[in-house]
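K.L.:
Build the 3D model from these lines:
(4 chains)
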4 protein chains.
Amino acid sequence: MSSSYGNALRITLFGQSHSPAVGVTVEGLPAGFAVDMEKLRRFTARRAPGKNDWSTPRREADEPEFLSGLVGNVTCGAPLTAIIRNTNTRSGDYAAFAERPRPGHADFTAEMKFGGFQDRAGGGHFSGRLTAPLCIAGGICLQLLEKEGITIRARIASIGSIRDDSPFTCPVDPEGFPASDPAAAERMLALIREAREAGDSVGGVIECTAEGLPEGLGDPMFDGMENRIAAIVFGIPAVKGVEFGAGFRAAELRGSENNDPFVLRDGRIVTETNHCGGILGGLTTGMPLTFRAAVKPTPSIAKTQRTVDMKRVAPAELAVTGRHDPCIVPRAVPVIEAAAAVAIYDAYLQDLRR
Amino acid sequence: MSSSYGNALRITLFGQSHSPAVGVTVEGLPAGFAVDMEKLRRFTARRAPGKNDWSTPRREADEPEFLSGLVGNVTCGAPLTAIIRNTNTRSGDYAAFAERPRPGHADFTAEMKFGGFQDRAGGGHFSGRLTAPLCIAGGICLQLLEKEGITIRARIASIGSIRDDSPFTCPVDPEGFPASDPAAAERMLALIREAREAGDSVGGVIECTAEGLPEGLGDPMFDGMENRIAAIVFGIPAVKGVEFGAGFRAAELRGSENNDPFVLRDGRIVTETNHCGGILGGLTTGMPLTFRAAVKPTPSIAKTQRTVDMKRVAPAELAVTGRHDPCIVPRAVPVIEAAAAVAIYDAYLQDLRR
Amino acid sequence: MSSSYGNALRITLFGQSHSPAVGVTVEGLPAGFAVDMEKLRRFTARRAPGKNDWSTPRREADEPEFLSGLVGNVTCGAPLTAIIRNTNTRSGDYAAFAERPRPGHADFTAEMKFGGFQDRAGGGHFSGRLTAPLCIAGGICLQLLEKEGITIRARIASIGSIRDDSPFTCPVDPEGFPASDPAAAERMLALIREAREAGDSVGGVIECTAEGLPEGLGDPMFDGMENRIAAIVFGIPAVKGVEFGAGFRAAELRGSENNDPFVLRDGRIVTETNHCGGILGGLTTGMPLTFRAAVKPTPSIAKTQRTVDMKRVAPAELAVTGRHDPCIVPRAVPVIEAAAAVAIYDAYLQDLRR
Amino acid sequence: MSSSYGNALRITLFGQSHSPAVGVTVEGLPAGFAVDMEKLRRFTARRAPGKNDWSTPRREADEPEFLSGLVGNVTCGAPLTAIIRNTNTRSGDYAAFAERPRPGHADFTAEMKFGGFQDRAGGGHFSGRLTAPLCIAGGICLQLLEKEGITIRARIASIGSIRDDSPFTCPVDPEGFPASDPAAAERMLALIREAREAGDSVGGVIECTAEGLPEGLGDPMFDGMENRIAAIVFGIPAVKGVEFGAGFRAAELRGSENNDPFVLRDGRIVTETNHCGGILGGLTTGMPLTFRAAVKPTPSIAKTQRTVDMKRVAPAELAVTGRHDPCIVPRAVPVIEAAAAVAIYDAYLQDLRR
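P.N.:
Reported below is the predicted structural model:
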């Protein structure tokens, strides 16, 4: 189903931007795991808007309420459900979009699919707000993976055409702007400010790495690590491309350049380079699993755009007012980590079958 | 499961490179469809090796045998199974790879996952040979989609750094080298020849478009068209990146540049540009659905490569002899079409629920 | 996953008896359906306890809160989530059962599966309380089916050895005791009273029929109507047997007795008898689909029972005090209808693929 | 999908009675298991027809060919596919049933579902012949379970109204008539002979037990052991009822009679009785898991039956000539074992997640 993901671990997201709540049910969590609630709160706070000048001034009280699956803070083996109340429901901001679909949004396609019955307020089920419960599920999976020695980190690789070329091993301030190179970060922030002042928006690329993975995780063919990760990451609104390791750049290399030689390091078999992004034949090599996701510029912009009036079947214009991120990329960084964590922990649970 | 894909339509691939046969079972085909066997043969022939100088001289008798699901050539509603016999089984070519894993192949990761019990001959279940039954399933879906007015075409966008920049609307000789611009094709072929002579290989990018789609096909979130297509396309060996519409390039644009304005054309609502690749919120816009897949250079190369001797836990060298494609990209073009057809027809069948 | 059911329509139940809430998420509901909330309330009230002398005096405020999937009372195509708050949480009644598992309950098996981390209070996720959200999902499906001319009704066929032999076409007072024959109902109620007074409990059989089904609904083999219905009905606590049509009695008949002759009635092909319960080859015949479910006697009884002390690994005794139904069968009648409705509507949605 | 079953282990059956072959694909088998082919042959032979006087004189060469998933006789982790050729294809025996549907068969319902395109020959995909590949999959699972100390045995509990009341612990001659009590067996065989001579058929009940199961196997709610087993067993043609432990008889008991007291035996917690059939809350108790399946009398009988002529929409008569089992129950015994083995091994593999 469209709002569920996973096999051994299965998440189901529900809620619309302006319905009473958004939430997630997670099935398949092992019993007996004590969720570190303060750590989870810090993780989901990284996604929360309104706390700095690069995101929307909307403030969301993203405090989750756990309805099931826990005894105290310990998983009990039953489905875990957490919800976040939407305080800002049924607003009138979106009434017009029924008639004049916003370019770059799902207004038009949802109208076609659901025959006008979709929840139009705030983008409904298509809203980026649904990434809040995804972060709850992913934040718990990150804690479970950490217990197994597996860590996942993402950062901004580029905003517009400004790139952060520092090695991925460089640290990122987890609560600040998620780029490694301070100079690049400065220029990215300037670009975002400039876009906002111009009533416009910018996109970017996020890179993510998972370390500490065992060798041979994943499955051949359609349940390879690439398939699994792409299948969840493309569920994050605005993601339009996913590549692993050298990705599209690998297509320009020779085999002799792209192949990663196997070498011995401390008695362990590793690859000297990691163009394959830690995945061969869908299975992990034990090297860092790396991927990059392209995030399109926020479609909600103050600039006037051309659209159509669906009722009168005539050309029309539209400017998206209200509070919107001029760049969604920084807030999407923990969402990418959350999505990767769900995909990898699901593969990890399935692998125990061996 | 790792070798199955789909919901309303479900394909299951089986077989290893050197097992008695490879094959596919397709569940969910509507009853009463007459498969055009000659058309299917022509389609799968585009993937077959050995028929020209850019592919391996191995010849495969890719004649499928239909074991079930048909009465004559008409689908009967039961699962359709087709197999292709492997004439060239249990060869000794691959014995050494158990001990010295080939860089860029799944030899090492499969050893880790399956504890040495994987079928090593010819890459086993990881072999590109499994794309032959995928083309049978996809070829039938292409015919079913065509009946609904939906056509899918792929072509080479680049080989190495040589690009075909002609508009995608230009025709491609379906039985020849699948690029549109003859001059670019000439240079691509020269590059492939050069790589082969150097004992090396090259990769490339394939672009694919689906036209004639209704609006609103697909589902929100994890069953969006991007998720569905990526989840199958990453199952094709050597694919390391997938992007839709402007893809990674969209990350460099402003919102005002990337958003596709809605306009009226012949009384129909369309988008003026198509940076979104015909997909908004996971649902089709009715414009061409376009995506690109990055194919890494064939890992099997004649050049000497560094690896390890797993038995002696010592460095080793290896040169992959035998007959291999210096560039898999041309033969992967129909495979991309097949994968897209399966994903889109599955979404199409599910959409009848509305 | 263990708490999810369905394909085109998918329900996920969550919650424990004493967690903050129990609830259900329903994916795949068509957009644009106006839920009759008053009708739904009347349906779920049939399952609610505490309203008469044959059920537990516990009162539950089973008022559902809809968190998502609706705009007003109209489905919007996004997952519908409804929750019911548990007012009576974290009670101490159940602490002892950790050490002395109740016969007939999941205390022991859950302890083995979840290593002691299961939620013990009130039976946790195993509680009959989870049938409340199942009735919400089923109640909506009943309304959707009714719109298609399909009606589902269940009634008590027997309590203990007292049978209601009146034809199934006889009406049942939907808000009263769900048996057709007043004399049988009287004797059943007397038996239940007697069991309660003896500190004991009784079981029974429920029969269910679905009328107005099209011919050919369902699928061959593992997605036949029998498989689908059994797979959900065995999820209702205390159900230990399911049979279709003549069921176990068919095993005693000759083929010439059991086969249902095809005859013409009003120009339509029907079967003269209906020993097959309206299902041949997993597909509906268009005749009433009938099945029966065996419900074991409530395991919670006041009588002293033998068990073990798991801590001291020694024999022990136990009497289940508190408020419990001496017979769960009457309240299970709408639950059976709900389960059948979910299974049949799921099959119905999938069938639109044809 | 209708012809697939399972989660961690997944089987997909394909083929029609008269298509070139029937077969099965099994995904999720652990790598490195050596299939005992002779043992498998002996197991599938128990289902084969034509070898005695209680079954059809048709002889099938049920020799499976393994197309994939093995290296020699050892599983390699890739999907295992086995096929059995149909030597007796495209016979004309069944042409008439298109027009005059056989009572008790799927001729009519399949016509309605597949619009006349179903494979009519030999019952097509609905044929009991599909249980041959199910026995291959199940036979391998039986061997895998045996390695874990789990054994599954079925036997005839009754034919018509003749019951075998000997304790289930009594042995059954695995290659002979599968009842324990020689006197009962004699009377059953006489009844079958008598039915055949009368041009009629008889049904019966099969009981099955699985021993050596760990405690806590299975999952709550919809993936309980009852749900899992019923979902596959109802896929066996002619099964119309499934009950666990005391089953329908439990509905007549008091709680104090039906509850199984926990007691200590050799330091292990067991239940004194086993009315629950070794399952509480969907999870195994560690006691024998027992269930019974009702098998209807073979619908193919020589006696003249009433039906309709679908072309002329008029009453008609029909006698099913040809070779048919007067009683399918003895041959269904290994099929029940196979189905139970698939269901239990799937649950077993999923349980390793703990």
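
K.L.:
ok, which stretches of chain A are helices?
P.N.:
A:37-45, A:107-114, A:131-147, A:182-197, A:225-233, A:255-258, A:329-351 (DSSP state H).

K.L.:
so which of the ones you listed comes closest to chain C?
P.N.:
helix A:107-114 (3.9 Å; Cβ to the nearest Cβ). (Glycine included, C-beta is placed from N, CA and C.)

K.L.:
just the angle between that closest one and helix B:225-233, please?
P.N.:
80 degrees (axes from the mean of the first three to the mean of the last three Cα atoms, to 10 degrees).

K.L.:
Helix A:107-114 near chain C at all?
P.N.:
Yes - judged by Cβ under 8 Å from any Cβ of the partner chain, helix A:107-114 and chain C are in contact via A:Ala110, A:Lys113, A:Phe114.

K.L.:
Out of those residues, give me the one that has the most neighbours.
P.N.:
With neighbours defined as other Cβ atoms under 10 Å in any protein chain shown, the most crowded of those is A:Ala110; it has 30 neighbours.

K.L.:
and that one, what does it touch?
P.N.:
Listed by Cβ atoms under 8 Å, 6 or more residues apart in numbering or on different chains, the contact partners of A:Ala110 are A:Gln118, A:Arg120, A:Gly124, A:Phe126, B:Gly216, B:Pro220, B:Gly281, B:Leu283, C:Gly77.

K.L.:
these two touch, right, the third one and A:Phe117?
P.N.:
In this case it means A:Gly124. No - here A:Gly124 does not reach A:Phe117: they are 10.3 Å apart, not a contact under Cβ atoms under 8 Å.

K.L.:
Now do the shared contacts for the two.
P.N.:
C:Cys76.

K.L.:
Show me which of the two is the more surrounded one.
P.N.:
Between A:Gly124 and A:Phe117, A:Gly124 has the larger neighbour count (other Cβ under 10 Å), namely 28 against 19.

K.L.:
picking up where we left off before, just name the closest of the contacts of A:Ala110 to chain D, please.
P.N.:
B:Pro220 (23.2 Å).

K.L.:
so that closest one makes contact with B:Gly281?
P.N.:
Yes - at 6.1 Å, B:Pro220 and B:Gly281 qualify as touching, with contact defined as Cβ under 8 Å.

K.L.:
ok, the residue in the stretch 51-200 of chain A positioned nearest to chain D - contacts?
P.N.:
Closest contact between the stretch 51-200 of chain A and chain D, by Cβ to the nearest Cβ, is at A:Ala78 (7.2 Å). Applying Cβ under 8 Å, 6+ apart, one finds that A:Ala78 lies in contact with A:Ser68, A:Gly69, C:Ser3, C:Phe14, C:Gly15, C:Gln16, C:Ser19, C:Gln118, C:Asp119, C:Gly124, C:His125, D:Pro220.

K.L.:
Just the buried subset of those residues, written out for ChimeraX, thanks.
P.N.:
Of the contacts of A:Ala78, the buried ones can be selected in ChimeraX as follows, counting by 16 or more other Cβ atoms under 10 Å in any protein chain shown:
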select /A:68,69 /C:3,14,15,16,19,118,119,124,125 /D:220
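
K.L.:
Which ones among the contacts of A:Ala78 map onto strands?
P.N.:
A:Ser68, C:Phe14 (DSSP state E).

K.L.:
Could you find the closest non-adjacent residue to A:Ile156?
P.N.:
Take A:Ile156 and drop its neighbours on the chain: the residue closest to it by Cβ to Cβ, 6 or more residues apart in numbering or on different chains is A:Ala179, 4.5 Å away.

K.L.:
And for chain A, the residue most distant from the center?
P.N.:
Computed with Cα atoms, centre = their mean, the residue of chain A farthest from its C-alpha average is A:Arg312, at 37.4 Å.

K.L.:
re earlier: what touches both of B:Pro220 and B:Gly281?
P.N.:
Common neighbours of B:Pro220 and B:Gly281 (Cβ under 8 Å, 6+ apart) are A:Ala106, A:Ala110, A:Phe126.

K.L.:
quick revisit: using a markdown table, please lay out the residues of helix A:107-114 next to chain C together with pLDDT.
P.N.:
Below are the residues of helix A:107-114 next to chain C laid out as a markdown table (pLDDT from 0 to 100):
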| residue | pLDDT |
| --- | --- |
| A:Ala110 | 94 |
| A:Lys113 | 94 |
| A:Phe114 | 93 |
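
K.L.:
From those, pick the one nearest chain B.
P.N.:
Among the residues of helix A:107-114 next to chain C, and counting by Cβ to the nearest Cβ, the member closest to chain B is A:Lys113, at 3.3 Å.

K.L.:
ok so, going back, just give me the neighbour total for the residue nearest to A:Ile156.
P.N.:
That count, for A:Ala179 with other Cβ under 10 Å as the rule, works out to 29.

K.L.:
same question, A:Arg187
P.N.:
17.

K.L.:
okay, it: pLDDT?
P.N.:
For A:Arg187, the model assigns a pLDDT of 97.

K.L.:
do you know how far it is from B:Glu252?
P.N.:
14 Å (Cβ to Cβ, to the nearest Å).

K.L.:
Report the mean per-residue pLDDT for stretch A:329-347.
P.N.:
97.

K.L.:
And it, how far out from the chain middle?
P.N.:
5 Å (Cα atoms, centre = their mean, to the nearest Å).

K.L.:
Stretch A:233-251 too?
P.N.:
That offset, for stretch A:233-251, works out to 12 Å (Cα atoms, centre = their mean).

K.L.:
and that stretch, does that touch chain B?
P.N.:
Yes - residues of stretch A:233-251 contacting chain B under Cβ under 8 Å from any Cβ: A:234-235, A:237, A:239-248, A:250-251.

K.L.:
so which of these is the most crowded?
P.N.:
That'd be A:Gly241 among these, by other Cβ under 10 Å, with 32 neighbours.

K.L.:
For that residue, list the residues it contacts.
P.N.:
With contact set as Cβ under 8 Å, 6+ apart, A:Gly241 has these partners: A:Arg292, A:Ala293, A:Ala294, B:Gly241, B:Val242, B:Glu243, B:Phe244, B:Gly247, B:Phe248, B:Ala250, B:Ala251.

K.L.:
I'm done for today, thanks for sticking with me.
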